[in-house]
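J.: pasting the sequence and the predicted coordinates here, then a few questions.
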Amino acid sequence: MTPVSKDAATLPVADRAAVRRAAWHEIRADRTGFAVMLLLNALAAAAGLAAPRLLGAMVDTVKESTGPGAVSRIDELALAIVAFTLIQLVLTRFALYAGARFGEGAAARIRERYLDRTLALPASTVEHVPTGDLVTRGTSDVGSAATALRDAAPEVLVATVQAVFIIAAVMVLHPLLGVCALTSLIGIAVALRWYLRRARTDYLTEGAATAALADILTTTAHGARTIEAFGLHERRRTQTDTAIAHSRRTRLRTLWLRSVLMPSVDVSQVVALAGVLFLGGMLERAGLVSLGTVIAAVLYLRQLSGPLDTIMMWIEQLQQSSASYARVEGLAQAPSDKPRSTTEPADDRIEVADCHFAYTDDRDVLHGVTLDIAAGEKLAIVGPSGAGKTTLGRLLAGLEEPRSGTVSVGGVPIADLAPELLRRQVVLVTQEHHVFQDTLRGNLRIADPTATDERMRDALTTVDARWALDLPDGLDTELGGAAHTLNGAQAQQLALARVALADPHTLILDEATALLDPASARATERALAAVLAGRTVIAIAHRLHTAHDADRIVVMADGSIIELGTHDELVAEAGIYAGLWRSWHGD
Ligand SMILES: Nc1ncnc2c1ncn2[C@@H]1O[C@H](COP(=O)(O)OP(=O)(O)OP(=O)(O)O)[C@@H](O)[C@H]1O
């Protein structure tokens, strides 16, 4: 198992034993459904065994007897063949239905577990692993694992039962013919063993390559503007081409495995058939078996190609699916969110004590940061790019945990707080405002699931979202997707209304209005000012006028706080802030 780490940015993949346990767990979850499916398939397979035997008997009747007795015997045999074929047809239909019912149930359970596990991942893990990996696991991998349980596993199981029945039927006809059929099938076993030894690793590599390609394509689509702005087309194209080439190589490798397996199986079947024909002919000439018996044995062997083809067709799918299943089940081994504290913080004071933080094991980006923030204080954090402002903001919002030291609110470590408790303490406001495809009410309740309609309308009024209050369907209006689409400013007001509903005592603003056009920035700033009133505000300031208005200013450089004080104190100190202020102010 590969553990998840910020460094490697990978999610674990379950081993074979874990995948087997998960599949077994699925079967046990619907034991009756699985047993009914198997029983119906076995009965259908048994009904299918009658026809070759009856055809053989027909041949012997034609060869050995004449007259009206023979004709009526042949009629009876023909009727019996039709009857057994009909029975097989009906049983197969119900077996398929039972298989689909079992499989759909299992698929739904796998999807639900995937969702639960993904939601249980710590936010920092979700942010550090490649998006494509998580998305591929939740879409094509879940689909493929579900196919294994719904189609591949039952089909292979049933085909194996059919193959065993057919060989047993040949054995019953004549043990020598049965042994001949069996020994010739050894070729298939050898080819399968060769294939299965290689397939798991190769299909896992193929799955990882597909996820990497998906990741590149998703990030290219999401970052289209940045790519355009920085003229990164060529570099992106090269990266995509490399990912495509790698994905193609991994696909060719699994294709090669199949291209060896399939012909080996076909040749083995032909050899088995030729063996039975040859031996059967000799036995018949020696008077040890009837012609009908030989024909029945040959027909059985012809029938064997049905289940064998099914096994071969699905075994490939099973390999692919078990690799997918291993990736889906791997999520269970990712460290889940630790148990959260439900201790109410004693007060609204925030304390950062000797904090060290690293994104990667080899480099700290915060070096012993210590800071006390009083309730109701307006604090600005300034400093050059890469100084660690955003990182400190994420620690203060409980999204990351310090490597050593503590970040606490009212004496309780912020990152330990249960989500419903955390959002009443600290909320990080960024320029990312997601509008969920849901009603306006659903979009607002994210901030407080218990909020009444009245409180929601109050929150919308606070942020001056008149457009929302005027909607014909009110809080029931569907937002997002093809429904009511919000513009940038409206989406930001919605996000701020959520903040007002969550009602935290502290807000952390990271570039809250930085990327807006001036017209909407003014509207948003008014809404923001209304939401900020009466709260502690920690602003990661990119414009010095924000800092000027703050009660205190933190100046960061290279992951440390190098200056701390009011605007006037820092200007008087004539340090870095004073220099920045002078150059910004044009003094
Ligand atoms: N996800 C990440 N993985 C690895 N390193 C990171 C990550 N995010 C930031 N860093 C590094 O951490 C350091 C601090 O970055 P941070 O974004 O906190 O600085 P900042 O002061 O907010 O910069 P800016 O003003 O450009 O946003 C930088 O060296 C940056 O390269």
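T.: Okay, I see it.
J.: phi, psi for Glu563 please.
T.: Backbone torsions for Glu563, taken as degrees, to the nearest 10, come to phi -140, psi 150.
J.: quick check: which ranges of the stretch 301-450 of the chain have low pLDDT?
T.: 336-339, 432 (pLDDT under 70).
J.: mind listing what whatever residue of the stretch 401-550 of the chain ends up closest to the ligand touches?
T.: Nearest residue of the stretch 401-550 of the chain to the ligand: Ile540, at 6.5 Å (CB to the nearest ligand atom). For glycine as for every other residue, the C-beta is placed from the backbone atoms N, C-alpha and C. Ile540 makes contact with Ile381, Lys389, Thr390, Gly393, Ile508, Leu509, Asp510, Glu511, according to CB atoms under 8 Å, 6 or more residues apart in numbering.
J.: buried sites along stretch 310-329?
T.: Neighbour counts over stretch 310-329 (16 or more other CB atoms under 10 Å) mark 310-312, 314-329 as buried.
J.: in stretch 559-578, what's buried?
T.: Using 16+ other CB under 10 Å as the burial criterion, the residues of stretch 559-578 that qualify are Gly559, Ile561, Glu563, Leu564, Gly565, His567, Leu570, Val571, Ile576, Tyr577, Ala578.
J.: ok, now stretch 448-465?
T.: Buried-residue list, stretch 448-465, by 16+ other CB under 10 Å: Asp448, Ala451, Met456, Arg457, Ala459, Leu460, Thr462, Val463, Asp464, Ala465.
J.: the last one contacts Ala497, correct?
T.: I take that to be Ala465. Yes - counting by CB atoms under 8 Å, Ala465 touches Ala497, with 6.0 Å between them.
J.: please, where are all the strands along the protein?
T.: Assigned strands in the chain, in chain order: 350-360, 363-373, 378-382, 404-409, 412-413, 426-429, 506-510, 536-540, 552-557, 560-565 (criterion: DSSP state E).
J.: can you lay out the ones you listed as a markdown table showing distance to Gln493?
T.: Listed next are these as a markdown table, based on distance: least, CB to CB, whole Å:
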| stretch | distance to Gln493 |
| --- | --- |
| strand 350-360 | 27 |
| strand 363-373 | 27 |
| strand 378-382 | 22 |
| strand 404-409 | 27 |
| strand 412-413 | 32 |
| strand 426-429 | 12 |
| strand 506-510 | 15 |
| strand 536-540 | 18 |
| strand 552-557 | 29 |
| strand 560-565 | 34 |
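J.: dump the residue contacts of Arg93.
T.: Contact analysis of Arg93 by CB under 8 Å, 6+ apart lists nothing.
J.: residue nearest the centroid of this structure?
T.: Geometric centre of the chain, nearest residue: Gly138, 2.1 Å, by CA atoms, centre = their mean.
J.: quick one: the residue nearest to that residue when sequence neighbours are not counted and the ligand, what's the gap?
T.: Leaving aside its sequence neighbours, Gly138 sits nearest to Tyr114 (CB to CB, 6 or more residues apart in numbering; 5.7 Å). Going from Tyr114 to the ligand by CB to the nearest ligand atom, to the nearest Å gives 25 Å.
J.: and the buried residues of stretch 448-465, which is closest to Ile350?
T.: Nearest to Ile350, judged by CB to CB, of those is Asp448 at 21.6 Å.
J.: identify the residues contacting that closest one.
T.: Contacts of Asp448 by CB under 8 Å, 6+ apart are Arg423, Arg455, Leu501, Ala502, Asp503.
J.: hmm, which of these are the buried ones?
T.: Among the contacts of Asp448, those classed as buried by 16+ other CB under 10 Å are Arg423, Leu501, Ala502, Asp503.
J.: could these go into TSV alongside distance to Leu196?
T.: Formatted as TSV, these follow (distance: CB to CB, whole Å):
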residue	distance to Leu196
Arg423	50
Leu501	56
Ala502	53
Asp503	58
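J.: which of the residues you listed fall in helices?
T.: Leu501, Ala502 (DSSP state H).
J.: any idea which of the buried ones among the contacts of Asp448 the model trusts least?
T.: Lowest-confidence member of the buried ones among the contacts of Asp448: Arg423, scoring 81 (pLDDT).
J.: mind checking the backbone torsions on the closest residue in space to Arg526 that isn't next to it in sequence?
T.: Leaving aside its sequence neighbours, Arg526 sits nearest to Asp464 (CB to CB, 6+ apart; 6.1 Å). When read as degrees, to the nearest 10, the backbone of Asp464 gives phi 60, psi 40.
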